[in-house]
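Engineer: the sequence and its predicted three-dimensional model are supplied below.
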Amino acid sequence: GENVEQHPSTLSVQEGDSAVIKCTYSDSASNYFPWYKQELGKRPQLIIDIRSNVGEKKDQRIAVTLNKTAKHFSLHITETQPEDSAVYFCAAAIQGAQKLVFGQGTRLTINP
Amino acid sequence: GAVVSQHPSWVICKSGTSVKIECRSLDFQATTMFWYRQFPKQSLMLMATSNEGSKATYEQGVEKDKFLINHASLTLSTLTVTSAHPEDSSFYICSAPSGRAPNEQFFGPGTRLTVL
């Protein structure tokens, strides 16, 4: 079955700098890759997703890139703000199968 | 947008008792819902897929007799943790496909279960 590896497990950056979180997946059939932000004790919130027919997607300060050949996708947050501090999870799924397999999570801390 | 609710938001119970957690899709119908368990500082692990009108599909290693799932309507799935023990203490989260796009899921707010 699918296996998703996420790095780093913790990331600390200065406010205003960029943050990058990387994930790799094992199943070449996976074609949906969402990223979730989870604050302590709350539900995961979808912040951006990408499908395998595109290589990059942007939404304001957030972008995701996908390299299907390498089975690798990354989350980029620019101009980080204190409210970006949270745990971020990547996930992968095969379209139609609906099941999401999550990465281990990255605890992002933005230092003022 | 699609809203998923869970009840209760937290529960404390004694070891050996059973606890039922409800997951509702508030403004859309969901023939499928997913149940996850999340231990502190860990990721979400899929426990089972709840299917309206049929049996749930459990992931490998999840005891179906301990975690009973019922999906009796298009807006409600329930997870019952039977004979709960302290090691079952966790954050239980459900999700449902949004219906807006393939694979997109919306998550419930989660239920914090503490077994004494």
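Structural biologist: Yep, that arrived. Numbers count the residues shown, from 1 in each chain, chains lettered A, B, ... in the order given.
Engineer: could you use CA atoms for every contact and neighbour count after this?
Structural biologist: Fine.
Engineer: so what's residue 18 up against?
Structural biologist: Since you didn't name a chain, this refers to chain A. Neighbour list for A:Ser18: A:His76, A:Ile77, A:Thr78, A:Glu79, A:Thr80 [criterion: CA atoms under 8 Å, 6 or more residues apart in numbering or on different chains].
Engineer: you answered for a different chain; I wanted chain B.
Structural biologist: Applying CA under 8 Å, 6+ apart to B:Ser18 gives the contacts B:Thr80, B:Val81, B:Thr82, B:Ser83, B:Ala84.
Engineer: and if you look at A:Ile50?
Structural biologist: A:Ile50 makes contact with A:Tyr32, A:Phe33, A:Pro34, A:Glu56, A:Lys57, A:Val64, A:Thr65, A:Leu66, according to CA under 8 Å, 6+ apart.
Engineer: helix or strand for it, which one?
Structural biologist: strand A:45-51 (DSSP states H and E).
Engineer: could you report the pLDDT at residue 36?
Structural biologist: If you meant another chain, say so; for now it's chain A. Note for A:Tyr36: predicted pLDDT of 97.
Engineer: if you could check chain B rather than the one you did, that'd help
Structural biologist: 96.
Engineer: wouldn't it be in contact with B:Thr49 here?
Structural biologist: No. Shown here, B:Tyr36 and B:Thr49 do not form a contact pair, counting by CA atoms under 8 Å, at 9.2 Å.
Engineer: I am finished for the moment; much appreciated.
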